[in-house]
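Peer 1: compute the structure for the input listed below.
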Amino acid sequence: MILALALVLAQVDAGAAADELVAPPVTSDAPVADVDAGTPAPVVLEDVPPPPMMTAAEAPAPAAGFVKGELSVYLGSDRLSVKRNRVGVSIGGDYFLNVLYTLVEPQVDLRFFDSKLGIGIGVPLRIEIFSFQNLFRRAGTIRKEDYDTFHDFGRILKYVNYGKKEDNFYVNIGQRYATSIGHGTIMRRYAPNIDVDYPRVSAEVDYYNDYAGFEAFTNDVLEWSVISAIAFVKPFSFFKPQNLLLKTLSVGVTGALDRNAPSSIIYDPNTGARSVTSDNRIAANTAPLGLVGVDAEVKVLKTENVDIKPYVDYSMIVGGGGGFTAGALGRFNFGRDPVNAFRVVVEARYLDSRYQPSYFDTFYEIDRYQARINGTNRFGIYNYLTKRESIVQQGLGTRGGLYAELSWGIPNVIGLTVAFEAVTNSDLKNFVAHFELPWLNFLQIFGSFYKRGFKNVEEFAKADENSVLFAGLRLRTLPFLFINGRVYKTFRVNNDAQRYDNQFGFSIDVELGFEFGRSRAEAEELQKNEPPPPVEPTPATEGPPPTPAAEPGTEPAAQQPVEPISPDNQPQPAPGQPSPSPSN
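Peer 2: Model (predicted):
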């Protein structure tokens, strides 16, 4: 019943939007159509003065406005999301862990409120076909690991989102996207679902206005194991300053908490082996771990095409060390239709030994258990240090750091992002690259590549455990027939080795279904092309013009009554013209 109601709402919303498209807006130089016979001619007020001319500075700004926010929508996502309403079922192949499955998934995606609100649900079922270990002995069985705990049922909710990051109001609930809080010095592109066997439904809510704002996040609405938030205020905005620096100065406080951060891995004293818990986690001793920070930012330049904002941050691990960051965010818009948008982030850092910037990053869900290897125990089994042990207890050395990020995009058409990170006391570097093409109605493509801890080009090219890859494709061949492809290289718990292993997998399916309504990009384009609202008449222009004042010393002329026309006072025809016919 709820699903049926949602479908009706989506159709009504799409239909109402379609009614608005009866006629396109008419440009000012378009020819005026002839008045049809029987249609009253428009009244022309000859004596009303024309409206005052506006200068370019006084003219209304374009509806599209300045492009800001993330230019790569799918950066941090593990798969594509459709752009319009969709109802369908996909059937295809899914391969990972040396097992080939048939993947069947009914899916529903709905858009409301000019596509600002999106909801997606699906029920993926993996049915085993062939295994290199068991051959065909388990053919036809559903993979139980996908739904063997209550937490696994979170994979049914794909996403609920409203708005975009850096909008005044933004909500994101689901499994699709990575999250950054504030400037990213504590949490940057944290990916809750990097473990393919442990789906998490995360939630983020952002809000801000001219005076203050906040961002709040949890990695799992069922567990709330990782929580982060920032609150900020613009102290001078309450006095309505005109100076740009005073108007945009913002001061904030950030906090983050892992309620069950692993402090050490549990090893069997008799065998030296690790173990896996009932919910498919590596067994570990845990304790809360928190980070806090303060920051300030101000815009030093803001024009129609340029927005530059330097910032400073200081954050620290509770019980550990801290780090100072000085950075700048630059946003640049070139052109009008389309707008080429650039986003540049540059940071310089000074870091204590027992601190790491962006502590909650893309790899955090893996590093919290096995950040690095610390030799072997007496049984010849690797000793893994948790992230907490590696940083807070052993330390990384006092060091300087650099972070740089460059993004280019044409909104709703194409996006490209690259990022680089390095420190002064090590040759190890981190790199991120992303590309997406969401523009074409028949084809969508995206790909994200994460590489950490590499020293040179040779190590960079290796597809090792320091690499994560997500890529997806969606091709429409017929109005009701789609082909979806997905490739990923990520992590899952290896129960036999009791550790996280980096796994390669892919899936391809054929989807039968329908897309209807319009995407957010189409809704924004329609809003941008809407004609400006009509000019409301003012008291000075309403009614007939005022009667001129009488000359000094003269009496105002009395208004003469209008004598009705009769046969005796009808106007006489000019010489040579026929007399008017008498009325019937």
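
Peer 1: now Thr325: closest residue in space that isn't a chain neighbour?
Peer 2: Asp313 (4.3 Å; Cβ to Cβ, 6 or more residues apart in numbering). All C-beta spots, glycine's among them, are computed from the backbone N, C-alpha and C.

Peer 1: which elements pack onto the biggest strand by length in the chain?
Peer 2: The longest strand of the chain (DSSP state E) is strand 499-516. Packed against strand 499-516 by the contact rule (3 or more Cβ pairs under 8 Å, 6 or more residues apart in numbering; DSSP states H and E) you find helix 2-19, strand 85-96, strand 99-112, strand 467-478, strand 481-494.

Peer 1: may I see the buried residues of it?
Peer 2: Counting neighbours by 16 or more other Cβ atoms under 10 Å, one finds that the buried residues in strand 499-516 are 499-500, 502-503, 505, 507-509, 511, 513, 515.

Peer 1: likewise stretch 280-291?
Peer 2: Going by neighbour count (16+ other Cβ under 10 Å), the buried part of stretch 280-291 is 280-284, 286, 289-291.

Peer 1: count residues in the vicinity of the residue nearest to Thr325, would you?
Peer 2: Neighbours of Asp313 under the rule other Cβ atoms under 10 Å: 24.

Peer 1: for the helix or strand that it is a member of, list every residue counted as buried.
Peer 2: Here Asp313 sits within strand 306-317, counting by DSSP states H and E. For strand 306-317, the neighbour count (16+ other Cβ under 10 Å) marks 307, 309-311, 313, 315-317 as buried.

Peer 1: rewinding a little: how far off centre is the longest strand of the chain?
Peer 2: Mean-position distance between strand 499-516 and its chain equals 21 Å (Cα atoms, centre = their mean, to the nearest Å).

Peer 1: so in that sheet, which strands flank that strand, and in what orientation?
Peer 2: strand 85-96 (antiparallel), strand 481-494 (antiparallel) (DSSP bridges).

Peer 1: tell me the bridge partners for Thr179.
Peer 2: The partner residues for Thr179, given DSSP bridges, come to Tyr190.

Peer 1: isn't it right next to Ser202, touching?
Peer 2: Yes - counting by Cβ atoms under 8 Å, Ser202 is a contact partner of Thr179 at 6.7 Å.

Peer 1: which neighbours do the two share?
Peer 2: Contact criterion Cβ atoms under 8 Å, 6 or more residues apart in numbering; residues shared by Thr179 and Ser202: 172, 192, 217.

Peer 1: please name the residues that touch the second one.
Peer 2: Going back to what we said before, that points to Pro192. By Cβ under 8 Å, 6+ apart, the neighbours of Pro192 are 175, 179, 200, 202, 219-220, 226, 365.

Peer 1: same check on the last one?
Peer 2: Remark: with contacts taken as Cβ under 8 Å, 6+ apart, Phe217 is in contact with 179, 181, 187, 202-205, 227-229.

Peer 1: please apply the same query to the first one.
Peer 2: Neighbour list for Asn172: 159-162, 165, 179, 202-204 [criterion: Cβ under 8 Å, 6+ apart].

Peer 1: could you redo the last one with a cut-off of 10 Å?
Peer 2: With contact set as Cβ atoms under 10 Å, 6 or more residues apart in numbering, Asn172 has these partners: 118, 159-165, 179, 202-206, 217.

Peer 1: how close does Tyr359 sit to Met187?
Peer 2: 7 Å (Cβ to Cβ, to the nearest Å).

Peer 1: pull the distance from stretch 316-327 to the chain's centre.
Peer 2: The mean C-alpha position of stretch 316-327 is separated from the chain mean by 28 Å, Cα atoms, centre = their mean.

Peer 1: distance between the ends of it?
Peer 2: Taking Cα to Cα, to the nearest Å as the measure, stretch 316-327 stretches 17 Å from start to finish.

Peer 1: quick check: mean pLDDT across it?
Peer 2: For stretch 316-327, mean pLDDT is 97.
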